[in-house]
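> Pasting the sequence and the predicted model now:
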Amino acid sequence: MGRFLRPLLRGTTYTRLLHLWVPMLVVSVWMFVDPSRPWVPAVALLAVGLIPAVRTGEGVQAQLLLTPGVRDPGFSVAPATAWRDRLRTVLWLEVRLALGAVTAVACVWLPILAHQLAETARGRVPDDVPVLAGAAPHWGYALLVPLPLLAWYGLVVGLGAAAASLARLLLGPSAGERLAALEERTEQLLERNRIARELHDSIGHALTVAVLQAGAARAAGDPAFTDRALGAIEETGRAALEDLERVLGVLREAERPVGARPTLAEADRLLESARASGAKVEAELTGPLETVPGPVSREGYRILQEALTNALRHAGSVPVRVRIEVTAGLLGLEVRNPLTARAGAAPARGSGLRGIHERAALLGGRASAGPDEGGWQVRAELPLR
């Protein structure tokens, strides 16, 4: 019994009833204008449903009234862009009007029928109810009074559920809209991965430099060296904070401020940071760096940053050779450092090398990292077109 009466306690039952009644308000107004042509609203909906924005309005109404509180009810709230979606909207409007008409008749005549059955049981046979025409007064009609009310209850709940199901079918996203939503979701995931890589590369580099500088200053016991080390830590930390602000800006801004991200034109900052950590960095630049496109230059900067970070973290203060080569259609990055006992005892961990490969792959290039002629080499080739 409790399960049977549960829909009476749900707000969804009444919002769906309101949704079914809305079209009949328009019909009621028209009946005051020209009651001899009750079919005009149905014909008018054939033209109204072809308006692209109508699909948005119907989708919003369906979300608010048919499925209130549901996070993803499956309705499209975008204007119709294809004729197929417009025709689905027209069909939905006609279906909604028909369901509303049935609901209106049920809500008016079923309660009246229950009342007239009660009157017949009391000895007052109505003259305006065809079902009871010619009926003789009898107390047994009182037993039939609940039947119209139960039918009314069942129709209201059933038609509301039917409206929600048909709305999902006719107002649901089309194949093109589902594809667009999937592309948007994919873009969001790629953006999250990019932000994770940005944080990993920038903060990881800064922390590596700071740890090495602090350890070297403590071991040296030289006030002058300690001052230089603290200066390097301060500069690296400030640069990391700037990078962090850039990354957080991506989260705060609707438009991605990718132009604010560092490029290879700022590679000297990375090289000086590595030298301040005690590494002997030799850099060789070949070709016009200013001609490198922005996306390639930005990703190249991060690849160089991660390669230097790995060298400092796993090999320590060792000679590092950096080579950047710009040719007609390719940007080549190479970072080499000797393998040490420390590097062999502490193999590379984390997602740094994987991030290098992902960055290169997204630009249509390739990257490799591993032992080479007694040392460790990270190499990336990024196409400029």
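Happy to help now that I have it.

> Please make it C-alpha for all contacts and neighbour counts, starting now.
OK.

> Stretch 44-55: end-to-end distance?
Terminal residues of stretch 44-55 are spaced 16 Å apart (C-alpha to C-alpha, to the nearest Å).

> So what's the gap between it and the chain middle?
Here the centre of stretch 44-55 is set off from its chain's centre by 29 Å, with C-alpha atoms, centre = their mean, to the nearest Å.

> so which helix or strand takes in the closest residue to residue 271 other than its chain neighbours?
Nearest non-adjacent residue to residue 271, counting by C-alpha to C-alpha, 6 or more residues apart in numbering: residue 281, 6.8 Å away. Element membership of residue 281, judged by DSSP states H and E, is strand 280-286.

> Give me the contacts around that strand.
Contact with strand 280-286 is made by 271, 274-275, 317-326, as judged by C-alpha atoms under 8 Å, 6 or more residues apart in numbering.

> try 7 Å this time
Contacts to strand 280-286, defined as C-alpha atoms under 7 Å, 6 or more residues apart in numbering, come from residues 271, 275, 318-326.

> center of the protein, which residue is that?
With distances taken as C-alpha atoms, centre = their mean, residue 185 lies nearest the centre of the chain, 4.8 Å away.

> That one sits in which helix or strand?
Residue 185 belongs to helix 175-220, assigned by DSSP H and E.

> which SS class is residue 37?
Residue 37 falls in the coil class when you classify it by DSSP: H, G, I helix; E, B strand; the rest coil.

> I'd like to know how many residues surround it.
Counted with other C-alpha atoms under 10 Å, residues neighbouring residue 37 total 10.

> Skipping adjacent residues, who's closest to it in space?
Leaving aside its sequence neighbours, residue 37 is closest to residue 31 (7.9 Å, by C-alpha to C-alpha, 6+ apart).

> show me what contacts the residue nearest to the centre of the chain?
Applying C-alpha under 7 Å, 6+ apart, we find residue 185 in contact with no residue.

> quick one: it from residue 290, how far?
34 Å.

> just residue 118 next, same as before
Counting by C-alpha to C-alpha, the gap from residue 118 to residue 290 is 92 Å.

> Just want to know which of the two has more residues nearby.
Using other C-alpha under 10 Å as the criterion, residue 118 and residue 290 rank with residue 118 on top: 22 against 12.

> quick check, the more buried one in a strand?
No: counting by three-state DSSP, residue 118 is not part of a strand but helix.

> Backbone dihedrals for the nearest residue to it once chain neighbours are set aside, please?
Here the nearest residue to residue 118 in space, its sequence neighbours aside, is residue 142; by C-alpha to C-alpha, 6+ apart that works out to 5.4 Å. Main-chain dihedrals, residue 142, degrees, to the nearest 10: phi -60, psi -30.

> my guess is residue 142 meets residue 117, correct?
Yes: contact criterion C-alpha atoms under 7 Å: residue 142 and residue 117 qualify, at 6.5 Å.

> okay, these two: which has more neighbours?
Per other C-alpha under 10 Å, whichever of residue 142 and residue 117 has more neighbours is residue 117, with 29 against 17.

> Touching the host helix or strand of residue 60 from outside, list them.
Using DSSP H and E, residue 60 falls within helix 52-61. Under the criterion C-alpha under 7 Å, 6+ apart, residues 75-81, 86, 89, 171 lie in contact with helix 52-61.
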